[in-house]
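Novice: Dropping the sequence and predicted coords here.
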Amino acid sequence: MAVPTTASVCDTNRYRPPAVTGLVDLLHRQTRDCPGARALVVTVAGNRVDLSYGTLAALADEMAARLGAAGLGRGDAVGLVCANTAEFVVTLLGAARAGLVVAPVDPALSGPEMSARLEALGARAILAGPLATGAEPVARVDVAPSWTVRVDVSRAGTATAALETDGAGAGTGGGARGVRGVRDVRGAADGPSGDDALVLFTSGTTDRAKMVPLTHANVAASVRGICATYELGPGDATVAVMPFFHGHGLFAALLASLASGGCVLLPERGRFSAHTFWDDVRAAGATWFTAVPTIHEILLDRSAAEYPGPEIAPLRFVRSCSAPLNAATQRALERTLGAPLLSAYGMTETTHQTTSEPLPERGPLKQGSVGRTTGVGLRVVDRNGRTCPVGTQGEVWVQGPTVTRGYLGDREETAESFTDGWFRTGDLGSLDEDGYLFLTGHIKNLINRGGEKISPEHVEDVLAGYPGVAEAAVFPIPDAHYGQRTGAVVVVREGEMLGSGQILQYCRDRLSATEVPDRLQIVGSLPHTAKGGLDRRAVENLYARAE
């Protein structure tokens, strides 16, 4: 049976995604047609203040002029180190209008990590805004001058933008990889091109993080696909839960909302706070939000005491992405919130979203799937690159207008990850007869136990299904006989009294003998990456000791 591999992002004539071409014209329609509409909600001296689209566009123009006056020109790369504040949004849009290539950077990186990334990029300046409340100061980085960006907002909603250079001129940006003008980096990835809008860094340590260039066309295709999937419009609003230095928060929450004429509330502390989240939802009149499973678990655990109810916080839908969401949490959240929870799948190399479950009125929701493609081509292939039959596991490949052209400065990784225009994700999954994707793990995470390949993600999903288990992590343990054995650690919900024996028995009833963990430990918490996913390397370092 043939499987549709490219699904329309909207099969009806009732919705039209915004006609944007990149970051530069993201606000054009709203500025022209509804300049007084809310774009952002920020906090000023403890009071929430609306910033209109007209004000936001004027601030972006002001920042663009200041960046140009400071000596930056079209195609120059800059780092952006900032929390989820007005400064981030204004600087990003202003830099785009100035023709710059912006690389958002995690403020929590160490000095060596941040220096390595910005030096590899060839950044001419580091644009630094406010950090999240309670965050550690940004590490000192000497590879480029650091300039402070500031947005001052009055209680009346008027605002000004400032760029403080302290007399320091832009750096040379002369790193070996910071070369402008490279149009095609497949097999020859050197530096940003004149068409690039962004460079994002993949998750990983200094020696593993890769630079992903994204053109304005990539950005536009991603934004249009996200808007069309969820039919976002001027009547929608959201709360910025995920950090903007990763694709999840940047594309799904911020850019898609602004492109569609919606509103984004920026939390007062510059980052997600479970304590204030539902108050933020009410203040914004939020109709949806997107987050990683870890945050969904937190909100679920606190819902009995803090969730105000669907009458006060009515949501059209909730979105989950960036890590697998177990079915038990999904069902519990849907019951609690009275809204569908839609799982999506994406990665940095595909400008975030690749697939998503549709809105209920646009198609069925299938438990365990991450939905249908949203404007890209998708294949599941075997080890020889042949398309797998329906229901057969293989590697997920993606092709389309959101896919990056390669990795900057890394020809070897580019050649390995891109084949005939297809991006090889490294993720394992299968397609059903309706084109819904079911992910089963990641090739590099597979545990090889005496020749038997075990997906830790599959075992984690089973563990998380046990009543009282909040989170689970599965990892390989070195073994002289089998090569690797399977270890697991679980976090139990507050107030639950669980033992490892009863959890293992639950696994024996639902997993094959080789998949059942050889060792299981109950722990208080698990380490996570900056974007909220499970930090597998940290888990192994903590718990994968050979016996």
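Specialist: That came in fine, so what should we check first? Numbers count the residues shown, from 1 in each chain.

Novice: what's the helix or strand for residue 302?
Specialist: Using DSSP states H and E, residue 302 maps to helix 293-306.

Novice: er, residue 512 actually
Specialist: Residue 512 belongs to no helix or strand, assigned by DSSP H and E.

Novice: Now for it, how many residues are close by?
Specialist: Neighbour count of residue 512, defined by other C-beta atoms under 10 Å: 10. Placement of C-beta: from N, CA and C, glycine included.

Novice: swap in residue 323?
Specialist: Count around residue 323 with other C-beta under 10 Å applied: 18.

Novice: if I look at it, how far off is residue 344?
Specialist: To residue 344, residue 323 is 11 Å away according to C-beta to C-beta, to the nearest Å.

Novice: so what does the lengthiest helix in the chain touch, helix or strand wise?
Specialist: Taking DSSP state H as the criterion, the chain has its longest helix at helix 53-69. With contacts defined as 3 or more C-beta pairs under 8 Å, 6 or more residues apart in numbering; DSSP states H and E, helix 53-69 has these neighbours: helix 28-33, strand 38-44, helix 86-97, strand 159-164.

Novice: Name the next helix or strand downstream of it, please.
Specialist: Next along from helix 53-69, by DSSP H and E: strand 77-81.

Novice: Within the sheet, what are the partner strands of that next one, with directions?
Specialist: Its sheet considered, strand 77-81 pairs with strand 101-104 (parallel), strand 125-128 (parallel) by DSSP bridges.

Novice: For the chain, give me the ranges with low pLDDT.
Specialist: For the chain, the stretches with pLDDT under 70 are 1-13, 173-194, 203-208, 546-547.

Novice: just so I have it, where are all the strands in the stretch 201-350 of the chain?
Specialist: Listed in chain order, the strands found in the stretch 201-350 of the chain under DSSP state E, counting those that start in this stretch are 211-215, 237-239, 263-265, 288-291, 317-320, 341-347.

Novice: Kindly report the same for the stretch 401-547 of the chain.
Specialist: 418-419, 422-431, 437-442, 447-449, 452-454, 469-479, 483-492, 519-523.

Novice: For residue 95, find the nearest of those.
Specialist: strand 422-431 (26.5 Å; C-beta to C-beta).

Novice: If I take that closest one and strand 437-442, what angle do their directions form?
Specialist: For strand 422-431 against strand 437-442, the angle by axes from the mean of the first three to the mean of the last three C-alpha atoms, to 10 degrees is 110 degrees.

Novice: and strand 422-431, how far out from the chain's middle?
Specialist: 18 Å (C-alpha atoms, centre = their mean, to the nearest Å).

Novice: just stretch 296-308 next, same as before
Specialist: Chain-centre distance of stretch 296-308: 22 Å, with C-alpha atoms, centre = their mean.

Novice: ok, how many other residues are close to residue 420?
Specialist: Using other C-beta under 10 Å, residue 420 has 7 neighbouring residues.

Novice: Could you check how far it is from residue 379?
Specialist: Applying C-beta to C-beta, the value for residue 420 to residue 379 is 11 Å.

Novice: In contact with the residue of the chain most remote from its centre, which residues?
Specialist: Ranked by distance from the centre of the chain (C-alpha atoms, centre = their mean), the top residue is residue 481, with 39.4 Å. Contact analysis of residue 481 by C-beta atoms under 8 Å, 6 or more residues apart in numbering lists residue 450.
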